[in-house]
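>>> Here's a sequence, model it:
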Amino acid sequence: MLGWRKIMPDIETGKSKHLHTTISAECFEKIKTLSKKHGSHSKTIEKAIDLLELHEGLVIPENKQILDTDMIWGFMRSELNMVAVGKTTFLSYIDEIPEKAILNNNATEIIEWFYNYKKLTELSLEEVLKAIKIIWISANYFRSIRCEKGGPGQYKMVFAHELNELKYSQYWGKYFQSFFETKLGKEAKILCRPQILHVEIQEPQPQKPRKGGN
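You can find the predicted model right below:
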């Protein structure tokens with residue numbers, strides 16, 4: 001076992017506090033390795049404590065929304081049993097757009113998870129769009145997602161990816177179109193390009209009464 005004296009200096013300055021304890025040699029080697037990325041042993045330990053606090057406090061809705069993308073993806077894998085699939089493999093799965101997978105997509109469950117299982121019907125459209133942006137980037141499905149507000153009740157989302165495959169945009173276009181229309185009762189229009197997906201969302205337009213007739 002190794003003591004903190006081999007990790008942190010034996011001094012107390014400002015807000016820094018000296019801590020003496022013991023850890024395993026294996027843990028110490030991990031800290032040494034991680035410190036190359038985070039700058040020092042102490043910063044690595046502080047980062048680990050931050051992560052633990054966030055993990056323990058996930059019952060607070062605001063917490064998921066401040067996590068970085070790597071952390072969100074980690075929690076998605078552990079809590080939603082999601083798995084990473086290579087993009088080439090993913091493209092082979094959607095070689096023929098799977099209608100059943102689109103109609104029965106899991107967007108509702110993932111978004112409700114993001115807000116700590118608050119029901120979709122209790123969320124505003126803005127909250128739903130925010131969750132989509134954060135979650136789908138965290139899962140590495142898209143490089144960037146931009147959301148713009150148009151007129152009353154109108155939004156435009158632009159999804160950018162690097163696959164240069166039209167069918168990838170078509171799959172996600174139908175996925176989100178089905179979600180917005182069947183789960184939220186919105187009108188959704190899609191425009192697919194090899195590296196860009198445009199989705200326009202708006203409230204359903206009231207039908208105009210027919211002229212004439214009985």
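>>> which SS class is the residue nearest the centre of the chain?
When Cα atoms, centre = their mean is applied to the chain, the residue found nearest the centroid is residue 135 (1.5 Å). Secondary structure state of residue 135, per DSSP: H, G, I helix; E, B strand; the rest coil, is helix.
>>> Wait, it touches residue 112, no?
No: Residue 135 sits out of contact with residue 112 when judged by Cβ atoms under 8 Å, with a separation of 11.2 Å. Heads up, the C-betas are built off the backbone N, CA and C, glycines and all.
>>> Report the next helix or strand after the helix or strand harbouring residue 168 in sequence order.
Using DSSP states H and E, residue 168 maps to helix 166-183. Remark: after helix 166-183, the chain's next helix or strand is strand 187-192, criterion DSSP H and E.
>>> Tell me the helices and strands packed up against that next one.
In terms of contacts (3 or more Cβ pairs under 8 Å, 6 or more residues apart in numbering; DSSP states H and E), strand 187-192 is packed against helix 166-183, strand 196-202.
>>> hmm, 10 Å instead?
Secondary-structure packing of strand 187-192 (3 or more Cβ pairs under 10 Å, 6 or more residues apart in numbering; DSSP states H and E): strand 155-160, helix 166-183, strand 196-202.
>>> tell me the average confidence for that strand?
Throughout strand 187-192, pLDDT has a mean value of 97.
>>> Pull that strand out as CSV, backbone CA atoms only.
Extracted C-alpha coordinates of strand 187-192, given in CSV (Å, rounded to 0.1, in the frame of the first residue of the first chain):
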residue,chain,number,x,y,z
GLU,A,187,-45.9,18.2,-37.5
ALA,A,188,-42.4,17.4,-38.6
LYS,A,189,-40.8,17.8,-42.0
ILE,A,190,-37.4,16.4,-42.9
LEU,A,191,-34.8,17.2,-45.6
CYS,A,192,-31.9,14.7,-45.9
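>>> what's the angle between that strand and strand 155-160?
If you take axes from the mean of the first three to the mean of the last three Cα atoms, to 10 degrees, strand 187-192 sits at 30 degrees to strand 155-160.
>>> Run me through the strand neighbours of strand 187-192, direction for each.
strand 196-202 (antiparallel) (DSSP bridges).
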